[in-house]
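Peer 1: Quick check, what structure comes out for this input:
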Amino acid sequence: MLEQARRVLKDIFGYDSFRGRQGAIIERVANGGDALVLMPTGGGKSLCFQVPGLLREGLC
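Peer 2: Numbering: from 1, shown residues only. The predicted model follows:
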């Protein structure tokens with residue numbers, strides 16, 4: 001799942017890698033888990049929820 005998330009990150013957002021704990025959070029959310037994400041402004045919170053959404057069937 002994380003490899004697919006990295007592909008979405010690169011192909012759609014143009015980034016080569018996740019920052020900090022983004023990868024672990026994205027993997028958890030993409031697998032149906034819950035997450036409460038506390039990061040500073042500009043820390044990448046939005047990607048933690050956008051990438052898993054794009055991984056779901058029917059959106060891309």
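
Peer 1: What is the neighbour count of Val51?
Peer 2: Counted with other Cβ atoms under 10 Å, the neighbours of Val51 add up to 25. C-beta: built from backbone N, CA, C; applies to glycine.

Peer 1: Rounded mean pLDDT for the longest helix anywhere in the chain, please.
Peer 2: Longest helix in the chain, counting residues (DSSP state H): helix 45-55. Average pLDDT, helix 45-55: 95.

Peer 1: tell me which residues in it are buried?
Peer 2: Under the neighbour-count criterion of 16 or more other Cβ atoms under 10 Å, helix 45-55 has Lys45, Leu47, Cys48, Val51, Pro52, Leu54, Leu55 buried.

Peer 1: would you turn these into a markdown table with distance to Ile25?
Peer 2: What follows is the buried residues of helix 45-55, written out as a markdown table (distance: Cβ to Cβ, whole Å):
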| residue | distance to Ile25 |
| --- | --- |
| Lys45 | 9 |
| Leu47 | 9 |
| Cys48 | 5 |
| Val51 | 9 |
| Pro52 | 9 |
| Leu54 | 15 |
| Leu55 | 13 |
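
Peer 1: Those: which two are farthest apart?
Peer 2: Lys45 and Leu55 (17.1 Å; Cβ to Cβ).

Peer 1: quick one, helices of the protein?
Peer 2: Under DSSP H, the chain gives helices at 2-8, 22-30, 45-55.
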